[in-house]
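**Q** Build me a model from this:
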Amino acid sequence: MFGIQNIKNNIIPAKNDTKVPQKKLVTKAKTGFKPQNLSTISSDNFKAYIPSFTRIGAKKPVQTGEVTIAQKYDTVKSKLDKQGQQLFASLDSKGILMNQNSNDNSTVLDNLYNIATKERIPGLKDTQIINEVLKALDNPFTITQKFGDIPNEVAQDIAKETGSDFPNQAYNVVSSSCVVASMEFNLASKYPAEFVRFAEGLSSSSYSVDKKVKISDIADGTAECLWKLREFNTDSYLENNWENANIKIKPDRNAIIRARVQSSYKDKGERSCVDVLIQSALLNLGSQNTYNALTDERTGKFNPDKTGLTDMEKNFVERVVFQSPKVSVVYQEIDETGKLSGYRATPAETKQQILNSLALGQNVIIGYTHMDKEKNVNGGHEITIIGYEEDENKNGFFICNDTDDDIDTSIKISEKKLLPLIHHAGISREAFGKDDVYIEPWREIVEEFKNIRENK
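**A** Numbers count the residues shown, from 1 in each chain. This next block holds a predicted model:
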């Protein structure tokens, strides 16, 4: 979800993203652009808790010597319940277990084996993590952004052990993690080995996953890449060849609490412990490591709202996670009062860029706006377009995934309905036509936010 306040102050459309429609349509900063009401909430994360409602397990013995594929297979299978064994066999028959489209070329089976044999975060069970991972791989549409409630007795337990009042805003959170839930869906559906690698690393004792990316995936040039990594406060370094950057992706410490709660108290339709860890890690990466998984709030430099990610932050996370130099194309013009005033592309141009991406085998995460009859924008949401089809009357429909609709399958949305609502979309450079023009004014928007904070 991109924040309502962002839209009303025209922060998203104005400068923090690239304009890419045809020839005449180039993003430029608006005169007098002044983001307002920057959050002043402290960015300090809460401490990590080990509440008494979880049990700390013993460390697992370290195995030595070469482990065969058959041994890995048997080890993982021994951790599964009946449903898990059925899913495991199904994924095996589809060749998914040996899929290795991960950042380090490890397979799905390799990472499942690591979950089964290496130490997990205290309070998280390897058996449950593996079963949740298999469910997501079998049907990525089950991935959801919906937070689980924290039982009152658990909150009291945490407060007692930490000596701090439990934050009231942590109860019954309305999730703003649609952006990162959509990215998690893309990982599970397009890059299963990388999805399991994330689940393994984030639930391990290191509580992180390392990602090697090309400099060109982050920015055009080494200096620009270093600048972005610094501005996003990433835990990263460049290799000696100065062609690759190594980035450590990690959730805030409160995600441990959320993950433990979902391990013990998960209700139907709520996030799994794996969903919690991946979504929290991606939100933390995009919000410059200021995310608080207890309250679903963030601070950071580039968002005056407390929740969600701006399109610029979303673009950065997509580039890191999917190693693709995507550009966030803004299609709507929102005036200073928060009202739709026009478009930067025709519906046909918007549609074509999305179709070009789909033809390349890429899902497209879009942000669309909620508007009243007078075209006043009062909110927004992110979904993923995964396909397109026409009916017998040549009416077009986008096939989509919505992580907030309680539906465990794809949905169809009429292009006539959806296209006018699309505010922005992540489009890879390969999907642009030869006449498309795009610019990425990253430094301009960052300097604008810096100046405002300094003036305050």
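
**Q** now the helices for the stretch 151-300 of the chain?
**A** With DSSP state H, counting those that start in this stretch as the definition, the stretch 151-300 of the chain shows helices at residue ranges 152-162, 178-190, 192-202, 215-218, 222-231, 254-265, 273-286.

**Q** so can I have JSON lines of these showing distance to residue 400, mean pLDDT and mean neighbour count?
**A** Bear in mind the C-beta positions are built from the backbone N, C-alpha and C, glycine included. Shown next, in JSON lines, are these (distance: least, Cβ to Cβ, whole Å; pLDDT from 0 to 100; neighbours: other Cβ atoms under 10 Å):
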{"stretch": "helix 152-162", "distance to residue 400": "35", "mean pLDDT": "84", "mean neighbour count": "15"}
{"stretch": "helix 178-190", "distance to residue 400": "10", "mean pLDDT": "97", "mean neighbour count": "26"}
{"stretch": "helix 192-202", "distance to residue 400": "20", "mean pLDDT": "98", "mean neighbour count": "27"}
{"stretch": "helix 215-218", "distance to residue 400": "26", "mean pLDDT": "92", "mean neighbour count": "20"}
{"stretch": "helix 222-231", "distance to residue 400": "30", "mean pLDDT": "89", "mean neighbour count": "16"}
{"stretch": "helix 254-265", "distance to residue 400": "25", "mean pLDDT": "93", "mean neighbour count": "23"}
{"stretch": "helix 273-286", "distance to residue 400": "19", "mean pLDDT": "98", "mean neighbour count": "29"}
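
**Q** Residue 415 is nearest to which of these?
**A** helix 178-190 (19.1 Å; Cβ to Cβ).

**Q** Who are the packing partners of the closest one?
**A** In terms of contacts (3 or more Cβ pairs under 8 Å, 6 or more residues apart in numbering; DSSP states H and E), helix 178-190 is packed against helix 192-202, helix 273-286, helix 311-322, strand 364-371, strand 377-390.

**Q** OK, contacts around the closest residue to residue 221 other than its chain neighbours?
**A** For residue 221, ignoring the flanking residues on the chain, the nearest one in space by Cβ to Cβ, 6 or more residues apart in numbering is residue 215 at 7.3 Å. Contacts for residue 215 (Cβ atoms under 8 Å, 6 or more residues apart in numbering) come out as 221-222, 225, 238, 242-245.

**Q** Report the separation between residue 215 and residue 312.
**A** Note on residue 215: its distance to residue 312, by Cβ to Cβ, to the nearest Å, is 19 Å.

**Q** again with residue 172
**A** For residue 172, the distance to residue 312 - Cβ to Cβ - is 30 Å.

**Q** Neighbour count for the two, which is higher?
**A** Neighbours were counted for residue 172 and for residue 312 using other Cβ atoms under 10 Å; residue 312 has more, 24 against 10.

**Q** and that one, how far is that from residue 287?
**A** 11 Å.

**Q** before we move on, what about residue 210?
**A** 20 Å.

**Q** Give me the more crowded residue out of those two.
**A** More crowded of residue 210 and residue 287, by other Cβ under 10 Å: residue 287, with 27 against 16.

**Q** can I assume that one is in contact with residue 314?
**A** No: Residue 287 lies out of contact with residue 314 (Cβ atoms under 8 Å); the separation is 10.7 Å.
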